[in-house]
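[1] I need the structure of the sequence given here:
(one chain, ligands or ions: 1)
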Amino acid sequence: MSLYRNAIWFLNGIHHYTRKGYEAAAKDFDKDLDVSVVGRSFMITGANSGIGRATAMAIAKKGGTVHMVCRNKDKAEEARADIVNVSGNTEVYVHIVDMSETRKVWEFAEAFKKQYPSLNVLINNAGCMVHKREVNAERLEKNFATNTMGVYVLTQTLIPLLQKSRDPRVITVSSGGMLVQKLRVNDLQSETGCFDGVMVYAQNKRQQVVLTQQWAKAYPVIHFSVMHPGWVDTPAVSTSMPQFHQMMGDRLRSVEQGADTIVWLALSRAAVSHFPSSWLHSDITILSHNLTQSSQTLPPLSLSKFQCLIYLLHHTLLNH
Ligand SMILES: NC(=O)c1ccc[n+]([C@@H]2O[C@H](COP(=O)([O-])OP(=O)(O)OC[C@H]3O[C@@H](n4cnc5c(N)ncnc54)[C@H](OP(=O)(O)O)[C@@H]3O)[C@@H](O)[C@H]2O)c1
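    The predicted structure is shown next:
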């Protein structure tokens, strides 16, 4: 990442991604959230904490059926109890899945597809930034396994169920951090050079944007979107980026502010009727996929190579 690109990104973030940025943008919000979602089902990964939990709470308050996909049973049950208690909605279910374990994600999605007749909205929210190179049971690097492969396998496996459900949507929580990365396809497992967890995370978030564009083309029945929540005060930020967390302090957004655009993408009619599938959103509007003009020229070969590599990984690891 160039210093120039980094500096533009940070200045842009100070203006737009902070609490003040949210408050300025919110003056123009027309949320179109006067909808009933009783009977519609929503799967949210990482729903026990931060932005995912605030999203689950908002959807439960609207009457939707919520499937919380979490890795830690105690944390998940505590969050579920709070959501049920505050919302008065008992249609909230916990599923224990570690999104970094590729085969387990696939097994879960296959079982879910058999057990439930429909899924209206999938929200890929769980994410991580691991600073030391670790691998999962399939020997995939942990950030890639969670942020890219977990999202890919869960979404891809649930697509047939989404396709037969009414008004299906897939929302992936990416990050503005992806704007500092072009898609790189030569070292998906970060095996060469010095391991930099922040850059690997940003690369994974770029990959989520690319996957969303590819899915949108391949499955026109489903409305796909990807979003940036802004800079939000959550455990992920305080533990993975402690200096940034301390420096930003009160300027970070609340979890409800971070969840706002996800909830809008999941519930509103306008998100589907006014915005085509595949777009990148923040603060109830769209963001450019790129930071500067120069970053817009991505060789088409990289895109098709990425698509092939992910497809191959999926099929060889899961042996089907
Ligand atoms: N906060 C920000 O400023 C910011 C900015 C841009 C993008 N994002 C994105 O927003 C999303 C939500 O993060 P957050 O900021 O709300 O952080 P958070 O409060 O720490 O929530 C992250 C959630 O993901 C779950 N998770 C992580 N790895 C998992 C795994 N292997 N299997 C299952 N669940 C897993 C966590 O579970 P545990 O509680 O068990 O750890 C937690 O529920 C992430 O995708 C993140 O990249 C956040």
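
[2] For Asn124, list the residues it contacts.
    Residues touching Asn124, when contacts are defined by CB atoms under 8 Å, 6 or more residues apart in numbering, comprise Thr45, Val151, Leu154, Thr155, Val170, Ile171, Thr172, Val173, Gln208. In short, each C-beta sits where N, CA and C put it, glycine included.

[3] Any chance of the residues you listed in TSV with pLDDT and distance to Glu138 as columns?
    As requested, the contacts of Asn124 are arranged in TSV below (pLDDT from 0 to 100; distance: CB to CB, whole Å):
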residue	pLDDT	distance to Glu138
Thr45	98	18
Val151	98	15
Leu154	98	15
Thr155	98	18
Val170	98	23
Ile171	98	26
Thr172	98	21
Val173	98	23
Gln208	97	19
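
[4] what about His281, which SS state?
    Per DSSP: H, G, I helix; E, B strand; the rest coil, the local secondary structure of His281 is strand.

[5] Out of the contacts of Asn124, flag the one nearest to Ile59.
    Ile171 (11.3 Å; CB to CB).

[6] Quick check: bridge partners of the closest one?
    The residues paired with Ile171 through beta bridges, assigned by DSSP bridges, are Ile123, Ser225.

[7] separation between His16 and Gln208?
    To Gln208, His16 is 20 Å away according to CB to CB, to the nearest Å.

[8] neighbour-wise, which of those two wins?
    Neighbour tally, His16 and Gln208, criterion other CB atoms under 10 Å: the higher count belongs to Gln208, 23 against 19.

[9] about what we covered before: kindly identify which of the contacts of Asn124 also come near the ligand.
    If you filter the contacts of Asn124 for contact with the ligand, counting by CB under 6 Å from any ligand atom, you are left with Val173.

[10] which of the contacts of Asn124 lies closest to the ligand?
    Distance to the ligand, by CB to the nearest ligand atom, is smallest for Val173 among the contacts of Asn124, at 4.4 Å.

[11] burial of the closest residue to Ala60 other than its chain neighbours, as a residue count?
    If you skip the residues right next to it in sequence, Ala60 has Ser87 as its closest partner in space, 3.9 Å away by CB to CB, 6 or more residues apart in numbering. By the criterion of other CB under 10 Å, Ser87 has 20 neighbours.

[12] Do I have it right that Ser87 meets Ala56?
    No: the pair Ser87 / Ala56 is not scored as a contact, 9.1 Å apart, by CB atoms under 8 Å.

[13] Pick out the residue in the stretch 51-200 of the chain sitting closest to the ligand.
    Gly127 (2.4 Å).

[14] who's in contact with that residue?
    By CB under 8 Å, 6+ apart, the residues touching Gly127 are Gly46, Thr146, Asn147, Val173, Ser175, Tyr201, Asn204, Lys205, Ala236.

[15] got the phi/psi numbers for the last one?
    Dihedral angles of Ala236 (phi, psi; degrees, to the nearest 10) stand at phi -60, psi -40.

[16] in terms of contact, does it touch Asn125 like I think?
    No: taking CB under 8 Å as the definition, Ala236 is not a contact partner of Asn125, at 10.6 Å.

[17] So between these two, which is more surrounded?
    Here Ala236 and Asn125 are set side by side on neighbour count (other CB under 10 Å), and the busier one is Asn125, at 27 against 19.
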